[in-house]
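Chemist: Whatever this is, show me its structure:
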Amino acid sequence: MELKAVLGPVARGFNAGVMALTKAPWIGPRVGRAITEITYVGRRSGHTISTPVGFRRSGDEITIAVGMPDQKTWWRNFLGAGGPISLKLDGAERSGHAVARRDDKGRVSVIVHLNEVD
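Modeler: As a prediction, this is how the structure comes out:
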């Protein structure tokens with residue numbers, strides 16, 4: 001059996017558990033300050049994809065540091081000019097524009113500039 005075939009279901013289960021924590025009454029607000037769910041449309045598949053990520057916020061700018069970027073593909077949707085993304089912040093869905101950058105040490109970060117709230 002291929003490693004990817006085993007890790008896919010494990011990762012999905014882990015991600016579901018993380019997102020359940022963000023909705024838990026006591027710990028949810030604490031976890032939600034550092035973890036959110038992003039949603040975007042895959043540039044090649046055209047499918048809508050949601051996944052939890054850790055983030056830091058400074059005003060209307062969100063920074064997502066991508067751990068082990070060479071083992072992940074989602075951030076590649078935001079290379080070059082970037083693209084649209086939505087995030088759950090403070091109990092509300094927010095949209096924005098995300099751009100991924102790799103630094104000279106191979107680290108990847110995705111910077112999201114949130115759209116104005118109507």
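Chemist: Tell me who's in contact with residue 40.
Modeler: Residues counted as contacts of residue 40 (CB atoms under 8 Å, 6 or more residues apart in numbering) are 48-49, 74, 77-78, 83-86, 98. Glycine gets a C-beta too; all of them are placed from N, C-alpha and C.
Chemist: Mind doing that once more with 10 Å?
Modeler: Each residue near residue 40 by CB atoms under 10 Å, 6 or more residues apart in numbering is listed here: 47-51, 74-75, 77-78, 83-87, 98.
Chemist: Check residue 73 too.
Modeler: Going by CB under 10 Å, 6+ apart, the list of residues near residue 73 reads 42, 44.
Chemist: Local confidence estimate at it?
Modeler: Looking at residue 73, its pLDDT reads 89.
Chemist: Quick check on residue 46: phi, psi?
Modeler: The phi and psi torsions at residue 46 (degrees, to the nearest 10) take the values phi 80, psi 0.
Chemist: tell me, how many neighbours does it end up with?
Modeler: For residue 46, the tally of surrounding residues (other CB atoms under 10 Å) stands at 7.
Chemist: Relative to residue 47, how far out is residue 76?
Modeler: Applying CB to CB, to the nearest Å, one obtains 15 Å for the distance of residue 76 from residue 47.
Chemist: So for these two, which residue has more residues nearby?
Modeler: Here residue 76 and residue 47 are set side by side on neighbour count (other CB under 10 Å), and the busier one is residue 76, at 15 against 8.
Chemist: So that one: helix, strand or coil?
Modeler: Three-state secondary structure (criterion: DSSP: H, G, I helix; E, B strand; the rest coil) places residue 76 in helix.
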